[in-house]
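Q: give the three-dimensional model of this entry:
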Amino acid sequence: MTLGKPIRKAVIPAAGLGTRFLPATKAMPKEMLPVVDQPAIQYVVEEAVNAGLTDLLMITGRNKRALEDHFDRAPALERTLELKGDLSRLEAIQHASNLGPLHYVRQGDPKGLGHAVLCARQHVGDEPFAVLLGDDLIDDRDELLSTMIEVQARTGGSVVALIEVDPSQISAYGCADISAVEGEDYFRVNRLVEKPAVADAPSNLAVIGRYVLHPEIFDVLEETEPGRGGEIQLTDALQTLAVSDCEGGGVYGVVFRGRRYDTGDKLSYLKAVISIASERVEFGEELKSWLKEFVN
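A: As a prediction, the model looks like this:
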């Protein structure tokens, strides 16, 4: 019986090519693009750790070695900073390497998000687990993942994060048709559609890159045929679970109304940098003053 098992594992797919940020990502993983002074992927790893997840698996691909290097120890650099007395920077790089343990598996073929999640099967085993996409940055002042973990424990199914988007933008996302669960602040997901045409979308609720999944998803993914774009879509597998009455069946949605940035989109990435930088103690007020002058 999987219901009630504590969730301790997180899967972080990070094998994408980052073509939207070329040429910056020609030789550098898109997940390593800096958001102020740390890479975007570190915010995601910190989010998982802050939600109590203690076993993290990153799904990587070719030219992603920098991800492993970032979260590894760097003794020579640490020694140099220590000798210089630069203790604040020493603490910052040690913090990144102490977030683990992190494990890594390569997604040999780019067959889609569903295939990336399937690559985690051996590591995850028969436990519910979280999936955090490296492109989605959730502001650490807003709670999401811990709420989703609680909903999974209460329902025994799988949980997706949803946001309201302008209806004209829904074709860029997976889309959910939901119904209320009496007395609860989460919703039952009746149907999921991957990137529907605007006219065919069942709602304006978009699926974003946070999931808490029952391990039954692996059996479903094994049988899921390639869908949109010729890729194995996680959305398609979740649709199968949404209408299933087997153990692990049922999909539920948590509607997120906090601050979220898509760091795979240029404009949203810039918003993330500015928003986070404006909250920094050492230069936030000066930055906001400059922004006012610049806009005027």
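
Q: for the protein, give me the ranges with low pLDDT.
A: Within the chain, the segments meeting pLDDT under 70 span 1-5.

Q: relative to residue 90, how far out is the residue of it most remote from its centre?
A: Taking C-alpha atoms, centre = their mean, the residue of the chain most remote from its mean C-alpha position is residue 83, at 37.2 Å. Relative to residue 90, residue 83 is positioned 10 Å away (C-beta to C-beta, to the nearest Å). Backbone N, C-alpha and C define where each C-beta goes, glycine included.

Q: one more: residue 100?
A: For residue 100, the distance to residue 90 - C-beta to C-beta - is 18 Å.

Q: more neighbours, these two?
A: residue 90 (17 against 14; other C-beta atoms under 10 Å).

Q: ok, residue 173 - contacts?
A: 165, 195, 206-208 (C-beta atoms under 8 Å, 6 or more residues apart in numbering).

Q: for the residues you listed, work out which two are farthest apart.
A: Greatest spatial distance among those (C-beta to C-beta): 195 and 208, at 13.5 Å.

Q: between those two, who's got more neighbours?
A: Shown here are residue 195 and residue 208; by other C-beta under 10 Å, residue 208 has more neighbours (20 against 17).

Q: surely the more buried one touches residue 172?
A: No. Using C-beta atoms under 8 Å, residue 208 makes no contact with residue 172, being 11.1 Å away.

Q: so residue 47, which of the three states?
A: Here residue 47 is recorded as helix under DSSP: H, G, I helix; E, B strand; the rest coil.

Q: could you pull out the strands for the stretch 51-200 of the chain?
A: Secondary structure of the stretch 51-200 of the chain by DSSP state E, counting those that start in this stretch: the strands cover 55-60, 102-106, 129-132, 136-138, 158-164, 174-180, 187-194.

Q: closest to residue 13 out of those strands?
A: Among the strands of the stretch 51-200 of the chain, if distance is taken as C-beta to C-beta, the winner is strand 55-60, at 4.5 Å.
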